[in-house]
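Undergrad: Show me the folded form of this:
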Amino acid sequence: NGDVLVEGHIVGQLQGFRFAADGPAEGEDGKAIRAAALKSLAVEYDARAYRFAAAPNGDISLGSDGYVRWLGAPVASLAASDDFLKPRVILLADEPLAGASLEMVETRAQRYVQFQIDQHMKPLADLQTGEGLDGMAKGLAYRLFENQGIVKRRDVAEDVKGLSQEDRAALRRFGIRFGAYHIFLPALLKPAPAQLVTLLWALKNDAKDKPGYGDVVAALAAGRTSVVADPAFEREFYRIGGFRYLGKRAVRIDILERLADFIRPTLAWKEGQGARPAGAYDGERFMVTPAMLSILGATPGDMEEILKGLGYRADTVAAEEVEKKIAAIDAAVAAAQPAPETPEVIVERVTRHEPKPESVEETSPEACETVAVDSAAAEPEAPKVVLLWKQARFEPRQQGDRNQNNRRGGFQRPQNRDGQAPNGEAQGQPRGERGPRREGDNNRPRGPR
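TA: Numbering: from 1, shown residues only. Below is the predicted model:
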């Protein structure tokens, strides 16, 4: 059980390959006890070295604290090196572990750490080499590697714009996803890879003791789609853990891409193109729906900050005006549909299969009118408003941009007959992060409408 006895007395315990004395080890007695224990433990160190070298991976673990443990006892710790994916392995062992025994323990510990990195960090390691990629594609891959597999799309907008369809296809084979708001590696958003990449980043940046270390990964492991952001936390922990810091909440980036999937049809739809998607208004603006709030686990107030952080802005419109317009649109769609069954047919079918109980009384038209009068007599409420969101049209001009449209205050993309940009994006999206965008969109020539 690890207890160390000298002349029948327990003087300490052997934890892994280190002896921990019971009580203080200072003074002549303490030094004598430690020396006697280490001398008698030399054979045990060698025996343990053989057992550790043959130990299965299930007996060894790598914790978020950076310690390698064997059957729960720490045997090594990790430290940063010049290569992000090859940390140094520092053995935690006393002097009696030496020679061949020391080499066996060191080799096994390094092999285990490398196995963990190969298993969980392979998508990132592949980006580091970029084998088979050239030009802009290889540059984007390496930039993703430098940023632990996650970059905001607007930060690499020019790089993405310069990719050919062949380049995009090659990058997707590396597991890269081109999202509406981020370019990222979905494989790293799982708890185990996220914990390891957070550890490696913390080692490289001496951040293991910074506030928030491990907390974001714990939220990810718990299945949280968003969390209340703690301003005291190191913000990089949110990003590396797969969350985007937006207002008072941090939202998982894959959930933000699902939000984009809800928004995209609201901006692609136009009046006269069939049924109005949930949240759609006029093809240029959309309303927040309960489904959007649900996937983010956010309140309407949270959603305002989230959408603003993603580059949207809101128009405040009277609820009555919005309801009137929506009713007119939905009525037009309903009128264009095939005529429904007549009331007589419906009554006959329902009566035949599901007779109405005699106890159910019909509501007379007079009763309906009375209800309307009572409602109108109630105290008037404050006018209600609805926020209609649209993509911000302008973004600060980048230095050296000679596009005349930019100098006039904002560029506009050419439109097709439906009033949309050729690739389906809404007109007037900001350069870079253009809101919901389909994976694989072509980069079309730009110019005035």
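Undergrad: What ranges does the stretch 201-350 of the chain have for its strands?
TA: 226-228, 243-246, 249-252, 312-318 (DSSP state E, counting those that start in this stretch).
Undergrad: Can you tell me which of the ones you listed is packed in deepest?
TA: Looking across those with neighbours counted as mean count of other C-beta atoms under 10 Å, the highest average goes to strand 249-252: a mean of 25. (C-beta placed from N, C-alpha, C; glycine too.)
Undergrad: Who does that one pair with, and is each partner parallel or antiparallel?
TA: Next to strand 249-252 in the sheet, as set by DSSP bridges, lie strand 226-228 (antiparallel), strand 243-246 (antiparallel).
Undergrad: Restrict that strand to CA atoms and write it as PDB.
TA: The C-alpha trace of strand 249-252 is given here as PDB (Å, rounded to 0.1, in the frame of the first residue of the first chain):
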ATOM      1  CA  ARG A 249     -22.800  35.300 -22.100                       C
ATOM      2  CA  ALA A 250     -20.300  33.000 -23.800                       C
ATOM      3  CA  VAL A 251     -21.900  30.900 -26.400                       C
ATOM      4  CA  ARG A 252     -20.500  27.700 -28.000                       C
END
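Undergrad: what's it in contact with?
TA: 189, 216, 220, 224-229, 238, 242-244, 296, 298, 302, 305-306 (C-beta atoms under 8 Å, 6 or more residues apart in numbering).
Undergrad: tell me the mean pLDDT for that strand?
TA: Here strand 249-252 scores 95 as its mean pLDDT.
Undergrad: again, but for stretch 95-108
TA: 93.
Undergrad: Can you mark which positions in it are buried?
TA: 96-97, 101-102, 104-106, 108 (16 or more other C-beta atoms under 10 Å).
Undergrad: Could you tell me which of the residues you listed belong to helices?
TA: 101-102, 104-106, 108 (DSSP state H).
Undergrad: Mind putting these into a markdown table with distance to residue 144?
TA: Converted to a markdown table, these look like this (distance: C-beta to C-beta, whole Å):
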| residue | distance to residue 144 |
| --- | --- |
| 101 | 42 |
| 102 | 39 |
| 104 | 38 |
| 105 | 36 |
| 106 | 33 |
| 108 | 32 |
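Undergrad: Any stretches of the protein with poor pLDDT?
TA: Counting by pLDDT under 70, the chain contains low-confidence residues at 23-27, 338-382, 393-449.
Undergrad: Try it again at 50.
TA: Scanning the chain for pLDDT under 50 picks out the ranges 345-373, 375-377, 394-432, 434, 438-440, 442-449.
Undergrad: Do a quick rundown of the helices in the stretch 251-400 of the chain.
TA: When assigned using DSSP state H, counting those that start in this stretch, the helices of the stretch 251-400 of the chain occupy the ranges 253-268, 290-296, 300-309, 319-336, 343-353, 365-377.
Undergrad: pull the CA atoms of the third one into CSV?
TA: Read that as helix 300-309. In CSV, the C-alpha atoms belonging to helix 300-309 read as follows (Å, rounded to 0.1, in the frame of the first residue of the first chain):
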residue,chain,number,x,y,z
PRO,A,300,-34.3,38.2,-25.0
GLY,A,301,-31.9,40.6,-23.4
ASP,A,302,-29.0,38.2,-23.8
MET,A,303,-30.0,37.7,-27.4
GLU,A,304,-29.7,41.4,-28.1
GLU,A,305,-26.1,41.5,-27.0
ILE,A,306,-25.3,38.2,-28.8
LEU,A,307,-26.7,39.5,-32.1
LYS,A,308,-24.9,42.8,-31.7
GLY,A,309,-21.7,41.0,-31.1
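Undergrad: What residues of it count as buried?
TA: 302-304, 306-307, 309.
Undergrad: One more: the shortest one?
TA: Judged by neighbour count using 16+ other C-beta under 10 Å, the buried positions of helix 290-296 are 292, 295-296.
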